[in-house]
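Q: Quick check, what structure comes out for this input:
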Amino acid sequence: MTKQRKTELKLGNLYVIDYNDHFEAARVNSEDASMLQPVVIRSMGRLIAITPLQYNLEYSNQLTSGPGTYTHSIHGIMRSCVIQTVDLGPFPTETK
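A: A predicted model of the protein is given here:
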């Protein structure tokens, strides 16, 4: 078995990251054995930080077409849980 070199991610780029989630709150106290297996989660966002333990993705979502609810969040993903990353390139900048 050959060891694959981890891909270097670039700050500011937009990524799709698939990772194993072992910590989903609804699964923690379950006695069902199938719930002990991790769930694969897919997140998409702009990479804003890399630490020795995790990647931090920033994402935002406008839920209505006019003034309304706006969600902005930073999501930490444990690097050891990453299955796959897709680099979508530099995050688009606004043009006026």
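Q: A strand includes residue 41, no?
A: Yes - checked against DSSP: H, G, I helix; E, B strand; the rest coil, residue 41 lies within a strand.
Q: How about the contacts made by it?
A: Shown in contact with residue 41 (CB atoms under 8 Å, 6 or more residues apart in numbering): 18-21. Yep, even glycine has a C-beta here, placed from its N, CA and C like the rest.
Q: Closest to residue 55 out of those?
A: residue 19 (8.9 Å; CB to CB).
Q: Near that closest one, how many other residues are there?
A: Neighbour count for residue 19, taken as other CB atoms under 10 Å: 21.
Q: in stretch 46-59, what counts as buried?
A: Of all the residues in stretch 46-59, those buried under the rule 16 or more other CB atoms under 10 Å are 46-47, 54-57.
Q: In strands, which of the residues you listed fall?
A: Counting by DSSP state E, the buried residues of stretch 46-59 place 46-47, 54-57 in strands.
Q: which regions of this protein lie under the pLDDT threshold?
A: Counting by pLDDT under 70, the chain shows low-confidence ranges at 1-7, 22-30, 34-36, 60-71, 94-96.
Q: switch the cut-off to 80
A: Residue ranges of the chain with pLDDT under 80: 1-7, 22-38, 60-72, 91-96.
Q: What segments of it are strands?
A: Using DSSP E, strands in the chain cover 13-21, 39-50, 54-62, 70-78, 82-90.
Q: could those be laid out in CSV, adding distance to residue 33?
A: CSV is the format used below for these (distance: least, CB to CB, whole Å):
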stretch, distance to residue 33
strand 13-21, 17
strand 39-50, 14
strand 54-62, 28
strand 70-78, 23
strand 82-90, 22
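Q: Which one, of those, ends up nearest to residue 31?
A: strand 39-50 (17.2 Å).
Q: the inter-axis angle of that closest one versus strand 82-90?
A: Angle, strand 39-50 to strand 82-90, by axes from the mean of the first three to the mean of the last three CA atoms, to 10 degrees: 50 degrees.
Q: Could you shift the numbering so residue one becomes 178, and keep it that way?
A: Okay, using 178 as the starting number, the last item reads as strand 216-227.
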